[in-house]
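# Give me a 3D structure for the following:
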Amino acid sequence: MDHNNHSIIIQVTEAAATSDIREESTSSNKDTKYAPQKTKKKAKEKTTIEAVKEVAEKSLTLFALRLAVLEKAATSIGTLGFIWATVVLLGGFSNDLKQSDFWFVTVILVIDGARIFGRSHELELQHQTTWSLTDVGINSFNAMKSSSDYVITKIKTSFCNPKSGNGNEIRNERKKVSFVGNKYRRQKLEKESTRQGESSEVPVFPVLQWIFLSKNISKFLYWIQLVSATTCVVLSMWKLVRRDFGVIEEGNRNRNQALIIFYSLALADAACFLLEKGFFEWKIRVERLLEKVNNECELGDSCLPATTRFFYDSYSKCITDSIFDGLKMDMVSFAIELMESDSLDEQRVGVTILRKFSTNPKFSNYTIPKIGVQLPVIARLLEMLNWKNEEEEGIRYSAAEILSNLAERKRNPLRIAEIPGALESISSLLNVSRSNSAVEKSDKRIILDGGSYSTLSFHHLGLEILWKIARDPDICGKIGNTRGLLTKIIAFLDTEDQFLWQIGTAERSLQLLQRLASTSGKAGKQLRKDILEIVFTVSYIGDILKDRERYPDLQLPGIQILNNLTNDEEANGRIGATGGVLKVLFRIFFNDNVPNNPDNVRETAGEALATLAHSMTTCHRILELQHDKKLVKALNDPLLRVNAARILRNLCAYSGDDSFQKLKGLTDAVPTVLNAIMEEENKVQEVMLGAAARLFKLLNKQEYTRLFQRAVINKFDLVQRLASILKKYRHPSIKVPGLRRYTLELAIWLMENDSENIASFRRVGLPLESILDTTSELESFHIFSGSVGIFRHQVEMHSLVRNAMVLLKKEETNWKQTQ
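Sure, this is the predicted structure:
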């Protein structure tokens, strides 16, 4: 976070969370539990890292390269001049030089040596000021903000040539301040650094400390370099213009040429150095290159010292190593190295840079893939989530936001989840007690004063990370197995805490729970069982559904969660026994004025009721609500008839024999069901056949006879229709897995209760042998979770076929005997 700002605003709008919920709900509602779902092929994610343009910090590395070229040129010329003076002039012509030339050469060598000394030790002293980022939040940044001259002077004094003087010393110093690399434990070194004082300005001597501060000494060395180079230029030019080298004698005929070469080398060395400084001053003072790059990277003023340090690192690599090594640096790798440091302030700046790059659309396509392929970096970010100290809140929040953006990409959720302790670290974001005493509510924003971070912002990020990584069923299973995590997620659904709902945290929790509850396979089955075992789950969702006016956008995901939790008879009984759940589901199902995409909401509510009706106790509670007439009427509504037929079938199938009289009123639906069987196709035909197979069992002989007397359909037409359906579907269909079963159930009842129907079926012919050869496990279930069957039919498919074959053979035997 920006430490120069005294207030940090984090906006979490309800619209963002609820729009995600609508999208999730709409996509998941297209699938139904009453048909198996094939594994969907995920769209191939485009790799954008290959098309990344030049990074914004490229101009800094190119600037460092050009400075290094001038620096190495000056170094080479200076080295050659020094060798020429010591070996040729002072070694070969020391007695032949004029006194003025001797002292000129000596002075030039001394001042050039002073300049080299200043260049060698300037960077070493600057390590305590510019290279150490401890001052970013204490002294250095405040001084930089108050004085532009200080910024420029500090940048200038950071230049040196480690190779021109004491190269090994500077390289060793770099190692001291270099990054630790793949360490993930803060050791005693950090604690010791905090005991040394808050400021990195180290007084060299206890007397007159303001004079002997390292930054002031570096300024002094900088001016020594400028004065020395200027003096060298003046002296060299003076001698080259005057050329009063004395009389040429027999033994010193090459003396004058040697002096000209030396003064020329000294002039070229000093000129290269001054050209380098002039180029540097122009780019930094006039063109404001550092500020420009910092703004292009959108890092903010607080990261300007880090941008400066990045430039120093690039320049130093060009000097100490290959001249092109600095070009290989980029801000992301630099921030990762800072994040891996033992210094808390360097960690803060590094993780802040990564957060800003990962959230910025201009840089995220490059940053996120680069972080995602480095598991140690992900592990470091996860470790930061466990940090609890107050001064580490900014690092913790930034790490959470980076992981949230990281989890959006295709392969990253698996990489995150495979790191040991990853889910426990994410779960720690939900640990803080919900107290809003430190936050001020205003226009659905969380305002954090004094650099503190609201616990609710951590909650929201934790839920967001979990929601993004829960796309994989295996990860969902790990979430369920993480101790206490489900309880934390469900706790956010408490509608009594209105502040949570106002900022969208509870919406995100509901969205995550919806994704977990819809997990397919064995992992999903166990996960739904674990969710249902938490006693608050159904009651919290029930409260959301009851208050439709306050939570209109949450009706659909809430119903979908209940629908997904109905795995077995015990689960259905527990959900149905929760006060008011069945009432509110029926209210939504029959209500024509349900807002916000009413079709999906009502359809999902009907599917949930149909699934809940697989429990005898739930069926009894539904019958007590006395919705018989509404259910019969719903069979005529194109939107409701599919689930209304399922509810009717399950009520007849699971209510038990003692509910026979209560079910009698449902027989009014038989004419509507028969018409649908004759006229409709596919899914509607399937559910109507299922309802008819159960409703006919409620009819006695007289009612059955009167039914066909009043109906437009005669019995033979129905027999022909059933036979044509079995002939059409020679093999089981994924779209209508129960169609052949329900057709056989109805055909068997018709043959068992009316001998005329047996002859009719023999006449039209039933492909029973073909059906017997093509029976499948698909037809043994009527509710599925993905491709896994959940509710198994009590009678196997092949048993139904055998029963039909026995009935037809029995009639054939009786017919032969009568002949």
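# can we go C-alpha only for contacts and neighbour counts from here?
Will do.
# Leaving out the residues flanking it, which one is nearest to the residue nearest in space to the middle of the chain?
In the chain, the centroid-proximal residue (CA atoms, centre = their mean) is Ala407; its distance is 2.5 Å. In this structure, Ala407 finds its nearest non-sequential neighbour in Pro413, 5.2 Å apart by CA to CA, 6 or more residues apart in numbering.
# From Ser314, how far off is the residue nearest to Glu383 when sequence neighbours are not counted?
Among residues not flanking Glu383 along the chain, Ser425 sits closest, at 6.8 Å (CA to CA, 6+ apart). Between Ser425 and Ser314 the distance is 35 Å, computed by CA to CA, to the nearest Å.
# neighbour-wise, which of these two wins?
When neighbours are counted by other CA atoms under 10 Å, Ser314 comes out ahead of the other of Ser425 and Ser314, with 26 against 19.
# who's in contact with the more buried one?
61, 64, 325-327, 329 (CA atoms under 8 Å, 6 or more residues apart in numbering).
# Quick one: those as a markdown table, columns for neighbour count too.
Listed next are the contacts of Ser314 as a markdown table, based on neighbours: other CA atoms under 10 Å:
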| residue | neighbour count |
| --- | --- |
| Thr61 | 24 |
| Ala64 | 25 |
| Asp325 | 17 |
| Gly326 | 28 |
| Leu327 | 21 |
| Met329 | 19 |
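# Provide a list of residues in contact with the residue nearest to Glu383.
With contact set as CA under 8 Å, 6+ apart, Ser425 has these partners: 382-383, 385-386.
# what residue ranges in the stretch 151-300 of the chain score low on pLDDT?
151-218, 246-253 (pLDDT under 70).
# For the stretch 601-750 of the chain, just list every one of the helices.
616-624, 628-634, 641-654, 660-663, 670-679, 682-695, 701-710, 715-728, 739-753 (DSSP state H, counting those that start in this stretch).
# Could you tell me how many residues sit around Lys362?
By the criterion of other CA under 10 Å, Lys362 has 16 neighbours.
# Which neighbouring elements make contact with the helix or strand harbouring Asp345?
For Asp345, the host element (DSSP states H and E) is helix 344-359. Helix 344-359 sits against helix 331-339, helix 361-372, helix 393-406, with contacts defined as 3 or more CA pairs under 8 Å, 6 or more residues apart in numbering; DSSP states H and E.
# What lies in contact with the first one?
In this case it means helix 331-339. 57, 179-181, 310, 346-351, 353-354, 357, 367, 377.
# before we move on, what about the longest one?
Applying CA under 8 Å, 6+ apart, the set of residues contacting helix 393-406 from outside is 1, 347-348, 351-352, 354-355, 358-359, 368, 371-372, 378, 381-382, 384-387, 412-413, 451-453, 458, 461-462, 464-465, 468.
# circling back to that earlier point, JSON lines please, covering the helices of the stretch 601-750 of the chain and showing mean pLDDT and mean neighbour count.
Formatted as JSON lines, the helices of the stretch 601-750 of the chain follow (pLDDT from 0 to 100; neighbours: other CA atoms under 10 Å):
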{"stretch": "helix 616-624", "mean pLDDT": "90", "mean neighbour count": "19"}
{"stretch": "helix 628-634", "mean pLDDT": "91", "mean neighbour count": "18"}
{"stretch": "helix 641-654", "mean pLDDT": "92", "mean neighbour count": "24"}
{"stretch": "helix 660-663", "mean pLDDT": "86", "mean neighbour count": "14"}
{"stretch": "helix 670-679", "mean pLDDT": "90", "mean neighbour count": "18"}
{"stretch": "helix 682-695", "mean pLDDT": "92", "mean neighbour count": "24"}
{"stretch": "helix 701-710", "mean pLDDT": "79", "mean neighbour count": "12"}
{"stretch": "helix 715-728", "mean pLDDT": "91", "mean neighbour count": "18"}
{"stretch": "helix 739-753", "mean pLDDT": "91", "mean neighbour count": "21"}
